[in-house]
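J.: Any chance you can model this:
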Amino acid sequence: GAGRDRAADAWARTPGAAMLLPVGHSFDVLDVAEQAGRRAVVRLERMGLPTGPVAVTPTGRAQFLVAPGAAAEMPELLYRMGWDDARLDLRALGPGTHITAPPSDLGGLGPVRWLRPPRLDTAAAPPRARLLLGTLAYVCHRS
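T.: I've put the predicted structure just below:
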């Protein structure tokens, strides 16, 4: 619940402390297996689609930061794309959840790292989930 300045001060006083980011306010998260996430990033870049920030965890997950509302709209989007009945290792995180901010340590398992760090042009406006979801569903299905 701390603001940016207060969080930065706390992080400066305690180097190595884990920082959690609340999901659902500025972004939602599409969470997939790391290998599928890496393949998806390559495909999305080839197609010229924006990925926005992507974090990878020491537990083998890739977390795509997308515009808020993705968690609520994902079931409908998957239905429209024909992926609603597929068994996909794909989940959306929305309001009420948190992710560990890179480069914080995730429960002693190691640091969360950026696969695609935030950029000035994407940090304030992450991409809409519908731009990434088809590719993520495809690579999850193929994995």
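
J.: can you list contacts of the least confident helix or strand in the chain by mean pLDDT?
T.: Between all helices and strands in the chain, the lowest mean by mean pLDDT, DSSP states H and E belongs to helix 120-123, at a mean of 73. Helix 120-123 has contacts (CB atoms under 8 Å, 6 or more residues apart in numbering) with P50, G52, P53. In short, each C-beta sits where N, CA and C put it, glycine included.

J.: Correct me if wrong: the last one contacts V112.
T.: No. Counting by CB atoms under 8 Å, P53 stays clear of V112, with 11.6 Å between them.

J.: quick one on the thing from earlier: which one among the contacts of helix 120-123 gets closest to A7?
T.: Closest approach between the contacts of helix 120-123 and A7, by CB to CB: P53, at 17.0 Å.

J.: Neighbours of that closest one, how many?
T.: By other CB atoms under 10 Å, 21 other residues sit near P53.

J.: just F64 next, same as before
T.: Residue neighbour count, defined by other CB under 10 Å, stands at 30 for F64.
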